[in-house]
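Colleague: Here's my sequence, what's the structure:
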Amino acid sequence: MTPNIPYEYTDRDLLEEPESYEYSEVHGRPFLDAYERDRASVLDSIEASVSGRCSSDASHWRGLLEAVGTDPSREIERSLPRLESRTKSDVTEFTAAFGQVPDRDQVDQIETVELEASLLGYPGDRPLNGEIARTWLDCLTKRYEVDKRLSARYDSDMDPIDDEPAPCVAYPLLSLVALVSHERTGNLKYLNVALKLGDLLSSRHESIDDQGTLAVTYLALAVERDAMQALATSVGVEQ
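Modeller: Okay, the predicted model is just below:
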């Protein structure tokens, strides 16, 4: 019988007590089972938290999924009607800059969420390994890996402009950008950073009050879980 082990990376708020991921033990299939239980529990919790308060019109979130460029999983398809749909003006906050990734030499500073929205909407016929987009994404993910958090804005060298933290939605948006890049390039470093962001999101989802941020968080975690399941299948790990 395969032993059950706890998933140890979401048992505290990872913004308050960051995880270094150093010297992690290898547990094989039991670890993947623990991971899947953790993500399933969080996804169920998010669905429960928004049930009864959602609009049946999920067109804006469906549009966001189309912009992401991945095929929505069954879990996302089932959840969309139950997730609160935000107004078009609210969604525009995330999507207005889609596809307009600036050259780093052209900006003195950039808002983190605006940068993520630009990268998220980078056209599918121009993969995210395009030089400008890849450079921004690599700098932003490195910033997160080093600081274990995101700032609201950065200068062209990716140094924080001030002490203002990024809004909560910046974390699931960065996870989606990383997952899209993993899908398009096959580079596992992007899946790796998405998994770390997923741990952070799972560790603090109960503290997220904004329903729109919860919806983006749900999408990020569901796409991440699908990517992990696809990877496990591709390397012959039994479900």
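Colleague: quick one: average pLDDT of the longest helix seen in the chain?
Modeller: Ranked by residue count under DSSP state H, the longest helix found in the chain is helix 211-234. Helix 211-234 carries an average pLDDT of 86.
Colleague: Who are the packing partners of that helix?
Modeller: helix 29-50, helix 59-68, helix 74-79, helix 170-185, helix 188-204 (3 or more Cβ pairs under 8 Å, 6 or more residues apart in numbering; DSSP states H and E). In short, each C-beta sits where N, CA and C put it, glycine included.
Colleague: Pick the most buried one from these.
Modeller: helix 170-185 (a mean of 25; mean count of other Cβ atoms under 10 Å).
Colleague: just checking, what packs against it?
Modeller: Using 3+ Cβ pairs under 8 Å, 6+ apart, helix 170-185 sits against helix 59-68, helix 112-120, helix 131-147, helix 188-204, helix 211-234.
Colleague: just to revisit the earlier point, can I get the helices and strands packed on helix 211-234 in CSV with mean pLDDT?
Modeller: Output for the helices and strands packed on helix 211-234, formatted as CSV (pLDDT from 0 to 100):
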stretch, mean pLDDT
helix 29-50, 87
helix 59-68, 48
helix 74-79, 42
helix 170-185, 89
helix 188-204, 96
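Colleague: Take those and lay them out in TSV including distance to A215.
Modeller: Formatted as TSV, the helices and strands packed on helix 211-234 follow (distance: least, Cβ to Cβ, whole Å):
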stretch	distance to A215
helix 29-50	8
helix 59-68	6
helix 74-79	9
helix 170-185	9
helix 188-204	12
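Colleague: Identify whichever of these lies nearest to Q106.
Modeller: helix 170-185 (19.9 Å; Cβ to Cβ).
Colleague: can you pull the contacts of L15?
Modeller: K148, R149, L200, R204 (Cβ atoms under 8 Å, 6 or more residues apart in numbering).
Colleague: wait, which of these is closest to L176?
Modeller: L200 (13.8 Å).
Colleague: What separation do you get for that closest one and S175?
Modeller: 9 Å (Cβ to Cβ, to the nearest Å).
Colleague: Surely V237 and F31 touch.
Modeller: No: V237 is not in contact with F31 according to Cβ atoms under 8 Å; the separation is 10.8 Å.
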